[in-house]
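Undergrad: sequence unavailable; structure follows:
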């Protein structure tokens with residue numbers, strides 16, 4: 001493998017998303033192994049740390065064809081929450097533009113002086 005000045009190697013020919021692959025390699029290099037106590041040598045979180053897991057997933061995703069990535073993302077993007085969280089009456093009034101509290105929505109209190 002050929003190394004660049006910033007440390008990432010040249011992507012294999014079967015990589016679909018070279019930028020994602022390169023970013024994954026940088027993260028994998030940083031979060032490379034646990035120390036003697038079982039924590040990541042880079043971030044200090046328990047091994048395997050969340051950045052390491054994310055980098056492994058990103059590396060795998062970099063090899064997938066774009067169609068598979070789009071198909072996997074579309075249902076998740078359109079699913080939405082099953083139920084909206086409750087909204088307090090004060091927040092609802094503010095959101096709906098009710099100015100009874102003395103301030104208009106999306107404006108700082110100093111703007112009224």
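TA: Cool, the structure landed. Quantities reported herein were computed from a predicted structural model and do not represent experimental measurements. Numbering: from 1, shown residues only.

Undergrad: tell me the pLDDT at the residue lying closest to residue 54 once chain neighbours are set aside?
TA: In space, and not counting its chain neighbours, residue 54 is closest to residue 27: 7.1 Å by CB to CB, 6 or more residues apart in numbering. All C-beta atoms are positioned from the backbone trio N, CA, C, and that covers glycine. In this model, residue 27 is scored at 96, pLDDT.

Undergrad: what does residue 103 give?
TA: We have a pLDDT of 52 for residue 103.

Undergrad: do residue 34 as well
TA: Note for residue 34: predicted pLDDT of 97.

Undergrad: tell me how many other residues surround it.
TA: By the criterion of other CB atoms under 10 Å, residue 34 has 16 neighbours.

Undergrad: which non-adjacent residue is nearest it?
TA: Nearest non-adjacent residue to residue 34 (CB to CB, 6+ apart): residue 47, at 3.5 Å.

Undergrad: thanks a lot, see you next time.
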